[in-house]
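Participant: take a look and give me a structure for this.
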Amino acid sequence: MTDMLVAQRHELLVGELEKSGVLKITELADRLRVSRATIRRDLMDLEAEGRVTRVRGGALLSTPKPGTPSGEQPASRQLPSSSGQFGGSAPELSLGLMVPSATYYYPRAVAGVRAVAAERNARVMIGLTDYAQARDQEQIEELAAAGAHGLLVATAGGHFLSPGTLEQLRAGGLPFVLMERQPENAFEPCEFVASDHRQGAFAAVRHLVGLGHDRVALFTNGSPTAPLLAEGHAAAVEQLGLKPSAPTLDSGRPKQGTAEAARHYDQFIKECLASRTRAALVHSDHDAIELIRRMRSAGLRTPDDLALIAYDDEIAALAEVPLTAVAPAKHELGELAARLLLDRLQAPDPDEVPVRQLLVQPRLIVRASCGATAA
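Facilitator: This is a model prediction of the structure:
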């Protein structure tokens with residue numbers, strides 16, 4: 001009976017497209033009085049049969065290729081069966097992956113996404129935005145138009161996704177999982193996988209307190225992570241009973257190697273010395289390395305004069321004094337995000353898959369810069 005109902009719904013969908021030419025998923029859902037997830041699944045089935053072509057947020061009738069019988073599609077376009085296993089010679093789901101950088105922080109997350117995609121026979125299409133010139137909306141549209149079945153989204157803006165961007169993602173009709181981002185409204189039923197940067201900052205300060213420091217400064221560089229680190233640092237200062245005189249400085253993301261950047265580093269060092277602060281959490285690795293260099297120029301040493309913990313652990317181990325670092329689990333984060341999205345795409349009934357929101361705690365990797373013996 002269920003198969004008959006599905007077949008009837010498919011014919012109704014095709015009929016609606018024949019009458020209107022192209023329709024949005026929201027319009028089809030309203031006309032057939034079913035959920036958008038059901039329409040998306042039906043369109044995927046009909047596209048696999050070669051009867052429709054999905055476009056951003058909707059579908060139109062397919063034009064059969066010469067020599068291809070109606071209703072027949074090459075094996076490479078077949079979709080997974082309801083069991084989640086692939087049939088045919090080369091089936092494929094396409095995951096649209098949007099990240100703000102291909103050179104720092106995100107390459108490991110991308111590698112995690114690709115590992116799971118290879119394991120589950122899916123394809124990854126990447127779209128790059130830019131922190132300086134955000135192209136979030138454009139990239140979302142381009143990935144959808146390129147044929148992505150679902151989206152993994154790390155926007156170029158702040159850690160908390162704006163309601164407008166969230167609404168745009170929903171209007172597109174594709175399943176999506178936020179990666180290193182969360183909805184601004186904590187009560188939004190939106191799937192995400194993100195590092196718990198508050199916990200990472202708290203753990204760093206707690207480690208320095210364990211080494212005998214009663215003041216811990218904070219240096220950040222205006223990145224989307226900075227506000228979360230500030231929250232974790234402030235919570236640690238309060239809960240661990242630290243003296244509040246340690247400086248907190250955000251450089252506002254000046255270009256590396258400029259006189260402006262150097263002024264921020266020198267100001268931070270000066271404030272640490274003036275407040276008798278001898279320990280600091282620094283975001284990012286680049287900034288911590290530059291701080292070591294500026295300290296050396298002033299006749300100061302790490303960790304003797306200022307113990308440091310870097311945040312990110314991209315190049316922390318390569319510093320002249322290897323940096324103790326907070327290391328977000330980037331590869332694992334990419335893996336988890338890809339699994340959440342593929343679980344929904346490959347489920348017999350995506351509406352039955354619960355909404356999952358995951359926070360992953362970073363690790364603290366001890367090296368020489370904090371003054372402790374590495375474990």
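Participant: CA only for contacts and neighbour counts going forward, please
Facilitator: Will do.
Participant: could you pull out the strands for the stretch 201-350 of the chain?
Facilitator: 217-220, 248-250, 279-282, 307-311, 324-327 (DSSP state E, counting those that start in this stretch).
Participant: what about the longest one, distance to the chain center?
Facilitator: To tie it back to what came earlier, the one meant is strand 307-311. Chain-centre distance of strand 307-311: 24 Å, with C-alpha atoms, centre = their mean, to the nearest Å.
Participant: also the shortest one?
Facilitator: If you compare the mean C-alpha spot of strand 248-250 with that of the full chain, they lie 25 Å apart, counting by C-alpha atoms, centre = their mean.
Participant: ok, residues contacting it?
Facilitator: Residues outside strand 248-250 that contact it (C-alpha atoms under 8 Å, 6 or more residues apart in numbering): 217-222, 226, 268.
Participant: how about 6 Å then?
Facilitator: Here strand 248-250 makes contact (C-alpha atoms under 6 Å, 6 or more residues apart in numbering) with 217-221.
Participant: nearest residue to S195 other than its sequence neighbours?
Facilitator: Excluding its sequence neighbours, the residue lying closest to S195 (C-alpha to C-alpha, 6 or more residues apart in numbering) is V360, at 4.7 Å.
Participant: do you know how far that neighbour is from E191?
Facilitator: For V360, the distance to E191 equals 14 Å [C-alpha to C-alpha, to the nearest Å].
Participant: what about V321, distance to L273?
Facilitator: 20 Å.
Participant: tell me which of the two has more neighbours.
Facilitator: V321 (18 against 14; other C-alpha atoms under 10 Å).
Participant: and the closest residue to that one other than its chain neighbours, how far is that from L229?
Facilitator: Of all residues not flanking V321 in the chain, S369 sits nearest, at 5.9 Å (C-alpha to C-alpha, 6+ apart). To L229, S369 is 19 Å away according to C-alpha to C-alpha.
Participant: more neighbours: which of these two?
Facilitator: Per other C-alpha under 10 Å, whichever of S369 and L229 has more neighbours is S369, with 29 against 25.
Participant: any chance you could map the helices in the stretch 151-300 of the chain?
Facilitator: 163-171, 197-210, 226-239, 259-274, 285-297 (DSSP state H, counting those that start in this stretch).
Participant: just send those back as a markdown table, with distance to L13 and mean pLDDT too.
Facilitator: Putting these into a markdown table (distance: least, C-alpha to C-alpha, whole Å; pLDDT from 0 to 100) gives the following:
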| stretch | distance to L13 | mean pLDDT |
| --- | --- | --- |
| helix 163-171 | 19 | 90 |
| helix 197-210 | 46 | 98 |
| helix 226-239 | 46 | 97 |
| helix 259-274 | 59 | 96 |
| helix 285-297 | 54 | 96 |
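Participant: out of those, which is the most enclosed?
Facilitator: Per residue and on average, the most neighbours among these fall to helix 197-210, with a mean of 22 (mean count of other C-alpha atoms under 10 Å).
Participant: partner residues bridging the spatially most central residue of the chain?
Facilitator: Residue closest to the mean C-alpha point of the chain, counted by C-alpha atoms, centre = their mean, is M179 at 2.2 Å. When assigned by DSSP bridges, M179 has beta-bridge partners V193.
Participant: OK, contacts around it?
Facilitator: 153-154, 192-194.
Participant: from F192, how far out is the nearest residue to P254 once chain neighbours are set aside?
Facilitator: Closest residue to P254 apart from its sequence neighbours, by C-alpha to C-alpha, 6+ apart: A261 at 5.6 Å. Distance of A261 to F192, given as C-alpha to C-alpha: 34 Å.
Participant: state the mean pLDDT of the helix or strand containing E27.
Facilitator: For E27, the enclosing helix or strand under DSSP states H and E is helix 25-32. Averaged across helix 25-32, pLDDT comes to 81.
Participant: ok, then the element right after it?
Facilitator: Toward the C-terminus from helix 25-32 - assigned by DSSP H and E - lies helix 36-48.
Participant: hey, C-alpha coordinates of that following helix in CSV?
Facilitator: C-alpha atoms of helix 36-48 as CSV (Å, rounded to 0.1, in the frame of the first residue of the first chain):
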residue,chain,number,x,y,z
ARG,A,36,9.2,19.4,2.4
ALA,A,37,11.5,16.4,3.4
THR,A,38,9.0,14.1,1.7
ILE,A,39,9.1,16.2,-1.4
ARG,A,40,12.9,16.3,-1.4
ARG,A,41,13.0,12.5,-1.1
ASP,A,42,10.5,12.1,-3.9
LEU,A,43,12.4,14.5,-6.2
MET,A,44,15.6,12.5,-5.5
ASP,A,45,13.9,9.3,-6.6
LEU,A,46,12.4,11.0,-9.7
GLU,A,47,15.8,12.5,-10.6
ALA,A,48,17.3,9.0,-10.3
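Participant: so which elements touch the helix or strand that it is followed by?
Facilitator: Heading C-terminal from helix 36-48, the first helix or strand you meet, by DSSP H and E, is strand 52-55. For strand 52-55, the packing partners by 3 or more C-alpha pairs under 6 Å, 6 or more residues apart in numbering; DSSP states H and E come out as strand 58-61.
Participant: the strand it packs on: partners in the sheet, and parallel or antiparallel?
Facilitator: Short version: by DSSP bridges, strand 58-61 pairs with strand 22-24 (antiparallel), strand 52-55 (antiparallel).
Participant: format those as a markdown table; extra columns: distance to T277 and mean neighbour count.
Facilitator: Listed next are those as a markdown table, based on distance: least, C-alpha to C-alpha, whole Å; neighbours: other C-alpha atoms under 10 Å:
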| stretch | distance to T277 | mean neighbour count |
| --- | --- | --- |
| strand 22-24 | 59 | 20 |
| strand 52-55 | 58 | 21 |
